[in-house]
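Colleague: After the sequence you'll find the predicted model.
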Protein chains: 2
Amino acid sequence: MTPRRRTTGRVPSEFALIKRYFAPLAAKAPLAFGLEDDAAIVRVAKTADIVVTKDAILAGVHFLENDPPDKIAQKLLRVNLSDLAAKGATPLAYLMSTALPSDMRESWLAAFARGLAKDQRSFGISLIGGDTVSTPGPLTLSVTMMGTLPRGAMRRRVGAKPGDRIFVTGTLGDAYFGLRLLRGKSFSWLGPRLKRTLIDRYHVPRPRVRFGVSLGRLATSAIDVSDGLMADLEHIAKASRVGAVVSVEKIPLSVAARAIVRRDAGELARLAVHGDDYEILFTVPASRIGAVGRLARAAKTRVTEIGHIVRGMGVVLADRDGGRIPLPQRGFTHF
Amino acid sequence: MTPRRRTTGRVPSEFALIKRYFAPLAAKAPLAFGLEDDAAIVRVAKTADIVVTKDAILAGVHFLENDPPDKIAQKLLRVNLSDLAAKGATPLAYLMSTALPSDMRESWLAAFARGLAKDQRSFGISLIGGDTVSTPGPLTLSVTMMGTLPRGAMRRRVGAKPGDRIFVTGTLGDAYFGLRLLRGKSFSWLGPRLKRTLIDRYHVPRPRVRFGVSLGRLATSAIDVSDGLMADLEHIAKASRVGAVVSVEKIPLSVAARAIVRRDAGELARLAVHGDDYEILFTVPASRIGAVGRLARAAKTRVTEIGHIVRGMGVVLADRDGGRIPLPQRGFTHF
C-alpha cells in the first residue's frame, strides 16, 4: 500500500496516516508485508477459485456526509461482502483505495479504522493493500474484496429455471425506511427503538455470509439485493431468460417495517423497488425446498419463500389475488 | 461489474455505458462473465502466486484535466503494471472503479475505452470487473491489477545487501520534463520532436514488464520509480536496513533530457527527486552483474548500473568526486 503523491508537492502525512491507522489492519496477513511493499500476495488452496468483486461508495451518494465513520467503514466492507455471500464465497482479504478530502480530520480516520478492524474480526478478513490519495471532491472509498470457494462452485445470476422457488434472506425495506428517517421523515407512531433499528440497517448492512456459504450448490441462481428486490430479481430473470412472480404479502418484514406498512399498504410496493437490503435473493428447484429450511436453521438465518420462476420474461409483483401491482418509480420517495 | 446506483434517483445510462464501452473489454475473459454478474473468478496454475496491487489516479492530481482520454487510460493501467513489473509478475487481469463527473461526455468514454483496449492487447490483460459511479468531484479512476508468478518468487523492497550494485531500466527524468513542458516551461532550445517524446513519457509510462519477469530471482530487491529515484531508493534502503550511493553522472538520460541537463546541470539533482518514471530500480549481487546485461539484451531493455549499496543508513547522490549533492525539495519546480 502506497500513498500516491501529487504530481507536485509532497503529502508526507499520508505515509504517517497509513502507518498509524491502516498498517495494523494488515498485521495478521503475512503476505501483505505490513503494507510496506507495493503489492501483496494472494495464495489459496489448489482446489479453490478466487472470487473477486469491487464496489466504490461516495459521500453524498451511497452514504450521508455525517454518517458515523465507523459505520461508513462497515458499510464499505459489507456491500462487498454481500456480493461474496450471494456468490457463496468465503471472505479472504481486501484492498482499499481512499480518496480523502484535504480537510479530513485524524479523529475521523481513527474511527473509520476502528470500524474496519471490527468487521475484519467479524468476517475473518484482512486488509492487504491499496492506496491513499487526496481529493478536492467528496470522500470516495473503493474496495476490492476477494473470497474463495471450491473450483467451479460460484453461483451466478444465470441458472434459474421455470418452477424454481424464489427465496430471500432476512427482512426487506428496513434500510429504505431508515434512510427516509435520516432524511427527515417522522414515522411519528414508531417508538425510538424501532426507529433506531431501521437507521442501523441503513448504516450497517448484514451480509449473509455464513448462510451464503452453506447454501453451496443448492441454489440455481443468486444475487444480493442492493438495487431493490424487483430490480435484482429482474437481473436474475434476464440472465436466466425466464420470468418471475413475487407475492407481495410474502415479502418478509421486520416488526418496524410491518408497523409502517400497516399504516400505508402502498409502502410495500415502494420497499420492493428500493435497495440497500443486502440480503441474498436466490432460486431453488421445488424438489429441494426442504433443504433450504434446514440450512437456514443451521445458519440461524431467516429465509422466506416469496415467489416462483415462470416461463417467459418480466418480473411481476402480485397481490393476494394474483393481480399485478404496478411498480412505483424508484427515486420517487415519500418523506 | 455493476453500476452503483445513487441512494435515490436512477442513473440508468450507466448500465448502457458499461455494456457499450466496458463489456467488450472483458470479452476474452470467460471467468468475467461479460461483466454481467457481480463478481469474477480468478484461477491460476497450482504452483503460482497471485500478486495484487491497487492504485488510483485523480484528475488534477495524477494527470491533467485535458490530457487525452486514451492516454489517461493507458497511464491508469501502466502505473499498476509498473508495480507488477518491479515484483516480477506476469500481468493477468484487472478490476476498475470509475467515478465519473456527471458532465462526462460519451466521446470521452469512447476514447478512454480505446486506450484500455490498446493496452489490454499490448500487455495481454483483460478487464474482469469493477463498478461505475457518478461523482460531483474530479474524475477518479482506481485499478486493482493482478499478476502471477511462481510461488514465493515475488521480489520485494527488502533484501538489498551491502556491496550489491544498483541498476535502473530505461532513462530517468523524461516524464518530469514532459510535465514541466505541459505546465508552460518552454525549454526553447529543444526541437518539437524531442519535446513530444518528453510529453509522451509523462502521458504514457512504459512499464518494463518483459524485463521485470525475466529478471526472476536475480535481483535482491526491486521497486518501480514512481515517487522519484532517490525516494524509491530510500524505500529499498529503509526496508533492507542498508544505505545507498548513486553516482549522479551515471543516471541514464534520453537525448532530450541530456540536452536539458547540458544547459543546467542542476536539473540532474531535480530529476532524481521527481517521479513518474515507472522504471524498475533493483539491486543485484556484484558477482551477478554479467547476467543482468544478458537479460537486458534479451529483453531489449536498456539497463544501467548507477550505484551501490553500503552499510549504514541513508541514500546519497554523489558527484564525480564522491561529494554529496544536496537533494532539492520535491515540489520546488522550476518552470
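Modeller: That came through, no problem.
Colleague: So A:Val292 sits against A:Leu218, correct?
Modeller: Yes. A:Val292 is within contact range of A:Leu218, at 6.8 Å (criterion: CB atoms under 8 Å). Bear in mind the C-beta positions are built from the backbone N, C-alpha and C, glycine included.
Colleague: Are there residues contacting both of these two? Which ones?
Modeller: Residues touching both A:Val292 and A:Leu218 by CB atoms under 8 Å, 6 or more residues apart in numbering or on different chains: A:Val284.
Colleague: Could you check which residue of the stretch 1-150 of chain A lies nearest chain B?
Modeller: Residue nearest to chain B within the stretch 1-150 of chain A: A:Gly137 (1.4 Å; CB to the nearest CB).
Colleague: what sits against that residue?
Modeller: Counting by CB under 8 Å, 6+ apart, A:Gly137 touches A:99, A:101, B:99, B:135-138, B:140.
Colleague: go with 7 Å
Modeller: By CB atoms under 7 Å, 6 or more residues apart in numbering or on different chains, A:Gly137 lies in contact with B:135-138.
Colleague: ok, now A:Ser97?
Modeller: A:130-131, A:142, B:54, B:56, B:142.
Colleague: ok so it is a strand residue?
Modeller: Yes. Under DSSP: H, G, I helix; E, B strand; the rest coil, A:Ser97 falls within a strand.
Colleague: Let me know the pLDDT of it.
Modeller: The score at A:Ser97 is 92. That number is its pLDDT.
Colleague: Could you do the one 5 residues further on as well?
Modeller: The model reports A:Ser102 with a pLDDT of 83.
Colleague: What residue, apart from its backbone neighbours, is nearest it spatially?
Modeller: In this structure, A:Ser102 finds its nearest non-sequential neighbour in A:Ser134, 5.3 Å apart by CB to CB, 6 or more residues apart in numbering or on different chains.
Colleague: Against which helices or strands is the one helix or strand the one you found maps to packed?
Modeller: A:Ser134 belongs to strand A:127-135 when elements are defined using DSSP states H and E. Strand A:127-135 sits against strand A:2-3, strand A:90-101, strand B:48-58, with contacts defined as 3 or more CB pairs under 7 Å, 6 or more residues apart in numbering or on different chains; DSSP states H and E.
Colleague: Contacts for that strand, please.
Modeller: With CB under 7 Å, 6+ apart as the test, strand A:127-135 has contacts from A:1-4, A:11, A:14, A:17-18, A:22, A:25-26, A:29, A:32, A:35, A:39-40, A:93-102, A:116, B:52-56, B:58, B:61, B:137-138, B:140.
Colleague: now those: which count as buried?
Modeller: Among those, those classed as buried by 16 or more other CB atoms under 10 Å in any protein chain shown are A:1-4, A:11, A:14, A:17-18, A:22, A:25-26, A:29, A:32, A:35, A:39-40, A:93-101, A:116, B:52-56, B:58, B:61, B:137-138, B:140.
Colleague: Can you flag the weakest of the helices and strands packed on strand A:127-135 by average pLDDT?
Modeller: Among the helices and strands packed on strand A:127-135, strand A:2-3 carries the lowest mean pLDDT, a mean of 50.
Colleague: circling back: ramachandran angles for the residue nearest to the residue of the stretch 1-150 of chain A closest to chain B when sequence neighbours are not counted?
Modeller: If the residues on either side of it in the chain are set aside, A:Gly137 comes closest to B:Gly137, at 1.4 Å by CB to CB, 6+ apart. Main-chain dihedrals, B:Gly137, degrees, to the nearest 10: phi -90, psi -160.
Colleague: Contact partners for the residue nearest the centre of chain A?
Modeller: Nearest to the mean C-alpha position of chain A, by CA atoms, centre = their mean, lies A:Val79 at 3.1 Å. Counting by CB under 7 Å, 6+ apart, A:Val79 makes contact with A:55, A:57, A:205, A:226, A:278.
Colleague: I'd say the last one and A:Asp224 touch.
Modeller: Yes. Applying CB atoms under 7 Å as the test, A:Tyr278 and A:Asp224 come out as touching, 5.8 Å apart.
Colleague: what touches both of the two?
Modeller: A:Ser82.
Colleague: Which one of these two is surrounded by more residues?
Modeller: Taking neighbours as other CB atoms under 10 Å in any protein chain shown, A:Tyr278 and A:Asp224 compare with A:Asp224 leading, 28 against 25.
Colleague: How about the contacts made by the more buried one?
Modeller: Applying CB under 7 Å, 6+ apart, we find A:Asp224 in contact with A:82-83, A:85-86, A:278-280, B:38.
Colleague: near chain B at all, stretch A:139-150?
Modeller: Yes. Stretch A:139-150 reaches chain B (CB under 7 Å from any CB of the partner chain) through A:140, A:142, A:144.
Colleague: With pLDDT and secondary structure added, can I get these in JSON lines?
Modeller: Shown next, in JSON lines, are the residues of stretch A:139-150 next to chain B (pLDDT from 0 to 100; DSSP: H, G, I helix; E, B strand; the rest coil):
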{"residue": "A:Thr140", "pLDDT": "93", "secondary structure": "strand"}
{"residue": "A:Ser142", "pLDDT": "94", "secondary structure": "strand"}
{"residue": "A:Thr144", "pLDDT": "96", "secondary structure": "strand"}
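Colleague: close to chain B, is the helix or strand harbouring A:Ile199?
Modeller: In the assignment (DSSP H and E), A:Ile199 maps to helix A:192-203. No. Using CB under 7 Å from any CB, helix A:192-203 stays clear of chain B, coming no nearer than 9.1 Å.
Colleague: who touches that helix?
Modeller: Contacts with helix A:192-203, where a contact means CB under 7 Å, 6+ apart, come from A:67, A:71, A:75, A:174-175, A:177-179, A:181-182, A:187, A:254-256, A:259, A:276.
Colleague: And the helices and strands packed on strand A:127-135: which comes nearest A:Ala111?
Modeller: strand A:90-101 (13.6 Å; CB to CB).
Colleague: the inter-axis angle of that closest one versus strand A:48-58?
Modeller: Interaxial angle, strand A:90-101 versus strand A:48-58 (axes from the mean of the first three to the mean of the last three CA atoms, to 10 degrees): 30 degrees.
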